[in-house]
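**Q** Here is my input, please return the structure:
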Amino acid sequence: MDEIMLKPALEQSAAIHAGRLSATNLMRMTLSRIARINPAINAIISLRDEDVLMRAAAEADRALSEGRSHGWLHGLPLAVKDLADVSGVPSSYGSPLYAGTMPDADDIQVERMRKAGAIFIGKTNTPEMGLGSHSYNPVFGVTRNPWNQWRSAGGSSGGAAAALAARLLPVADGSDMMGSLRNPAGFNNVVGFRPTPGVIPSPGPELFLDQLSVLGPMGRTVRDVAALLQVQAGHDHRDPLSREPGPLWVDPLPDFSGARIGWLGDYHGHLPFEPGVLALSEEALHVFRRMGAAVKAVPPFFDMARLWQCWRTLRHFLVAGGHRADYADPERRAKMKPELCWEVENGLALSAMDVHAASVTRSDWYRAMLGLFERYDFLVLPSQQVFPFPAEWDWPKAIAGRSMDTYHRWMEVVIGPTLAGLPVAAMPSGFGGEGLPAGIQIIGPPRADRSVLQLAAAYEAATPWLGLAPPL
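**A** Predicted coordinates:
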């Protein structure tokens, strides 16, 4: 019964459109598998009523019988990350302040997935307000890793990544400010893609200053991810910084022999790593060499302590801007997680000149990255500094004996591509001694989304990792 659910999303879509699989049967199998597996991992939340979903699937079958397909997602069951709004499905954002909120409209990317035929079955779990790279919150609890249910699934797109790894969903959406598409991809042995800012429109209360967060796709193959991205992407007048990205996939894949790849590693000792994580990433470099690429270590090129201070300033500024009204109300503040209060308090203490200085550092970092791309075609970094950690932790307090001085310092490895606005594919790099997954980031030059996806697909074809499923 589950065989079709182990297939990539595009194969499921092809089976539906060829009449080999009905949307009704796929929905029935999906709900059955969720009922069996989701209680152990808690990836999918706010699951809609079965009768409603079966009627929607029957309507999808009826449309196909009449020659009407809405797109490649037609009839596929999807669940949306609980930081995005889906009309008719409760939004909580992982916060008791918003639990049970019923949106009356879809977010833009959700609107586009619905138009392409997706059937929304519910939501995927996330940390409270998306803060932190471990998906737990007081509304729905903790999401557990399908590879080891005593471990974290990462975050903030942890529910999406865990649902993909457990074969509960064909593809999934996510979002990424501080690695929220990349860390959970590595933790769960799936693919996450952080596109160039503006590729997927995302109008919010702040339309111009918040250029750190992006929306993006996740999947079990790179082609699935590229296909979902093509649905999500494109200009919308509601987001003044959005744009048309052009084709995001062209066959056949290019020959990457001769490509120049720069290995950033641990930034020459700046970043600590749990033993085994960096070694798996270094082993993954041999895959690129077998593909004919030249891989070289990148020498020191920037003050990484300065970059971290820049990151903290901009993140405090943006988080405080979005949550200062809740913080100002003592009753609402009492329901906010300590990390959120800490972000707001630090943000409120900033001056305009602090933010400007951080923006200058960010600009210097961007120019430094441009300099690297004169010598390298792509850059590679680990996507995580630790293996999936115990699910009862709130966050790792130390790595390799080095204390983590903030709740997110253990994910510092992801801030560089975010601050430079670069496209990144998060790909698996193998499994550690305890059978826990890890991953790498494949980073491209500005606006090179298609090239990054194609290198990621070539890497996928040369590795066995994405063909493996957790022993559920």
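
**Q** okay but Val190 is in contact with Thr221, surely?
**A** No - using Cβ atoms under 8 Å, Val190 is not in contact with Thr221; the gap is 9.2 Å. For the C-beta atoms, the positions are set from N, CA and C on the backbone; glycine is no exception.

**Q** The two - which one has more neighbours?
**A** With other Cβ atoms under 10 Å as the criterion, Val190 and Thr221 differ in neighbour count, and Val190 comes out ahead with 31 against 22.

**Q** Need the three-state assignment for the residue nearest to the more buried one when sequence neighbours are not counted.
**A** Nearest residue to Val190 in three dimensions, chain neighbours excluded: Leu164, at 4.6 Å (Cβ to Cβ, 6 or more residues apart in numbering). At Leu164 the chain is in helix, as set by DSSP: H, G, I helix; E, B strand; the rest coil.

**Q** Go ahead and confirm Leu164 touches Arg220.
**A** Yes - with contacts counted by Cβ under 8 Å, Leu164 reaches Arg220, the gap being 5.7 Å.

**Q** overlap in contacts of those two?
**A** Each of 171, 190 lies in contact with both Leu164 and Arg220 under the rule Cβ atoms under 8 Å, 6 or more residues apart in numbering.

**Q** Just want to know which of those two has more residues nearby.
**A** Comparing Leu164 with Arg220 by neighbour count (other Cβ under 10 Å), the higher total belongs to Leu164, at 30 against 26.

**Q** And the pLDDT at Leu207?
**A** The per-residue pLDDT reported for Leu207 equals 88.

**Q** For it, the count of nearby residues, please.
**A** 13.

**Q** Spatially nearest residue to it, not counting backbone neighbours?
**A** Nearest residue to Leu207 in three dimensions, chain neighbours excluded: Pro240, at 5.7 Å (Cβ to Cβ, 6+ apart).

**Q** Which residue ranges make up each domain of the protein?
**A** Following automatic domain parsing, the chain resolves into domains at 3-232, 261-425+438-443.

**Q** Let me have those in TSV, extended by distance to Asp255.
**A** Formatted as TSV, the domains of the chain follow (distance: least, Cβ to Cβ, whole Å):
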stretch	distance to Asp255
domain 3-232	17
domain 261-425+438-443	8
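
**Q** show me the contacts for the nearest residue to Gly432 once chain neighbours are set aside.
**A** Once flanking residues are discounted, Gly432 sits nearest to Gly276: 4.5 Å by Cβ to Cβ, 6+ apart. Residues counted as contacts of Gly276 (Cβ under 8 Å, 6+ apart) are 387, 432-433, 438.

**Q** Of those, keep whichever come out buried.
**A** Members of the contacts of Gly276 that pass the buried threshold by neighbour count (16 or more other Cβ atoms under 10 Å) are listed as 387, 432, 438.

**Q** Can you give me the neighbour number for Arg238?
**A** Quick note: Arg238 (other Cβ under 10 Å) scores 12 neighbours.

**Q** List the contacts of it.
**A** Arg238 makes contacts with 108, 201, 203, as judged by Cβ under 8 Å, 6+ apart.

**Q** To which secondary structure element type does it belong?
**A** Arg238 - assigned by three-state DSSP - is coil.

**Q** picking up where we left off before, how about the residue nearest to Leu207, phi and psi?
**A** phi -70, psi -20 (degrees, to the nearest 10).
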